[in-house]
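1. I'd like to go over a predicted model; first the sequence, then the structure.
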Amino acid sequence: MTSETPWDGRPAKPLLRALAGEQVWPPPLWLMRQAGRYLPEYREVRARAGDFVTLCTTPEMAAEVTLQPIRRYGFDAAILFSDILMVPWAMGQPLRFAEGEGPVLEPVRDAAAIGALRVAGVAERAAPIMETVRRVGAGLEAEAPRTALIGFAGSPFTVACYMVEGRGSRDFAHPRAMAHADPALFGRLIRMLVDATAEYLVAQAEAGAEALMLFDSWAGLLPPAQFRRWVIEPNAALVRVLRKRLPPEFPLIGFPRLAGPMLAEFAQRTGVQAVGMDTAMDPRWAASAVPDTIALQGNLDPLALIAGGPALEVEARAILGAMRGRPFVFNLGHGIEKTTPPEHVSALVRVVRSG
Ligand SMILES: Cc1c2[nH]c(c1CCC(=O)O)Cc1[nH]c(c(CCC(=O)O)c1C)Cc1[nH]c(c(CCC(=O)O)c1C)Cc1[nH]c(c(C)c1CCC(=O)O)C2
């Protein structure tokens, strides 16, 4: 495929061209958690907001922090500033972010607690987040017309992990045990999440998101049969609902973190246009295992970005070398760390943009 100027004479956004299967070189670039505590201007707004849920539900502040990294670095995508746990919040599960501890939810571990969750009306209860999407869309149009707006949600399994465990965890023992011991109940929660997440994502697209990313951060905890049942099937179900309700070819990015060799099956069976590679993935293996009709995204080690200098350049160039000749979006393999020096991000942008 070649780059073409569309009929209306506006250059299509590089990110959207890559997600549509075009080889765009140098590749479009954005970073997971690009808005965050490594930026002094983020810390200023974060302090003003007080708590994290307030930041996510105050459109003026959430839109401002979404745009901050675009102003500083000119990334090819802005990602809505929110959190995957805002879906359980909108389903009525109490959520707070404890300082230095991460998210804390009231765990749902039985049929009564799961039955009390509300699916219908999730998008209305998340109205402030949709207002943020509209504001960011307007901000990009005015300030950065080549930057695309990515909306997102957590995938059902990963969100269920937090809902059942009630907090972050290394192994999410409660949800994984429930998935084995009471698959009917766990499956009910997963189906509720498919429906709630579809509604929430369609509302983001209607508010102006131009691509949607599905974060399945804890997919790699599961053995293959469980991976198929709780990762591939729910993501595929979500994609099927989205395909019915969104314009044709609407770009969807899946990110089954630490999937290892299951990444290939995920890519082929879920119906997404692109898959994210985590830090542990060998991009050369991914290039051979994932058909080049599906774009790859990733996967610089966030620690190389902290290190900077030659280590950063060598790692970034290795990824570029492995991805040359296929649709690709440069990113990290996981979220940016809060100790990252902002000038190292500028250095990375220079390396990637020099091809
Ligand atoms: C698992 C997960 C969560 N949230 C998310 C995931 C999936 C990606 C991943 O695997 O990291 C996704 C997420 N979280 C956040 C975004 C915003 C957009 C962006 O990427 O810039 C996105 C896309 C903001 C955030 N979400 C959170 C912060 C830090 C909160 C703060 O500023 O105090 C940010 C910027 C909080 C959060 N949110 C979550 C945890 C475990 C934590 C605490 C850990 C931490 O503090 O880094 C849940």
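-> Nice, thanks for sending it over.

2. Glu22 and the ligand, how far apart?
-> According to CB to the nearest ligand atom, to the nearest Å, Glu22 and the ligand sit 24 Å apart. Just so you know, the C-beta spots here come from the backbone N, C-alpha and C atoms, and that holds for glycine as well.

3. check what pLDDT whichever residue of the stretch 201-350 of the chain sits closest to the ligand gets.
-> Going by CB to the nearest ligand atom, the ligand is nearest to Ser217 of the stretch 201-350 of the chain, at 3.2 Å. With respect to pLDDT, Ser217 scores 98.

4. give the buried residues for stretch 282-294.
-> Using 16 or more other CB atoms under 10 Å as the test for burial, stretch 282-294 gives 283, 286-287, 290, 294.

5. got the contact list for that stretch?
-> 21, 261, 263-264, 267-268, 272-275, 277, 296, 298-299, 318-319, 322-323, 326-327 (CB atoms under 8 Å, 6 or more residues apart in numbering).

6. mind checking which of these are in strands?
-> Among those, the members found in strands (DSSP state E) are 274-275, 296, 298-299.

7. ok, and the most crowded of these?
-> With neighbours defined as other CB atoms under 10 Å, the most crowded of those is Leu296; it has 28 neighbours.

8. need the contact list for that residue.
-> 274-277, 283, 286-287, 290, 323, 326-329 are the contacts of Leu296 under CB under 8 Å, 6+ apart.

9. so how far is Arg191 from it?
-> Here Leu296 is placed at a distance of 30 Å from Arg191 (CB to CB, to the nearest Å).

10. please apply the same query to Ala112.
-> Distance from Ala112 to Arg191, by CB to CB: 17 Å.

11. compare those two (neighbour count), which wins?
-> Remark: of Ala112 and Arg191, Arg191 carries more neighbours, 14 against 8, as counted by other CB under 10 Å.

12. now the more buried one: which helix or strand?
-> helix 183-207 (DSSP states H and E).

13. surely Pro94 and Glu106 touch.
-> Yes - in this structure, Pro94 is within contact of Glu106 by CB atoms under 8 Å, at 4.9 Å.

14. the more surrounded of these two?
-> Shown here are Pro94 and Glu106; by other CB under 10 Å, Glu106 has more neighbours (12 against 9).

15. what residues are up against that one?
-> By CB under 8 Å, 6+ apart, the neighbours of Glu106 are 93-94, 166.

16. burial count for Glu141?
-> Glu141 has 12 nearby residues by other CB under 10 Å.

17. looking at this, it is in a helix?
-> Yes - assigned with DSSP: H, G, I helix; E, B strand; the rest coil, Glu141 falls within a helix.

18. which pLDDT value belongs to it?
-> At Glu141, pLDDT is 97.

19. and if you look at Ala98?
-> pLDDT, Ala98: 85.

20. coming back round to it: let's have the contacts of Leu296 in a markdown table, adding pLDDT.
-> Below are the contacts of Leu296 laid out as a markdown table (pLDDT from 0 to 100):
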| residue | pLDDT |
| --- | --- |
| Ala274 | 98 |
| Val275 | 98 |
| Gly276 | 98 |
| Met277 | 98 |
| Pro283 | 98 |
| Ala286 | 98 |
| Ala287 | 98 |
| Val290 | 98 |
| Met323 | 98 |
| Arg326 | 97 |
| Pro327 | 98 |
| Phe328 | 98 |
| Val329 | 98 |
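
21. interface residues of the stretch 201-350 of the chain facing the ligand?
-> Within the stretch 201-350 of the chain, the positions near the ligand by CB under 6 Å from any ligand atom are 215, 217, 335.

22. of the residues you listed, just the buried ones, PyMOL syntax please.
-> Restricted to buried positions by 16+ other CB under 10 Å, the PyMOL selection for those reads:
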select buried, resi 215+217
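
23. tell me where the stretch 51-200 of the chain has helices.
-> With helices called from DSSP state H, counting those that start in this stretch, the stretch 51-200 of the chain shows them at 52-56, 59-73, 86-90, 111-115, 122-125, 127-143, 156-165, 173-181, 183-207.
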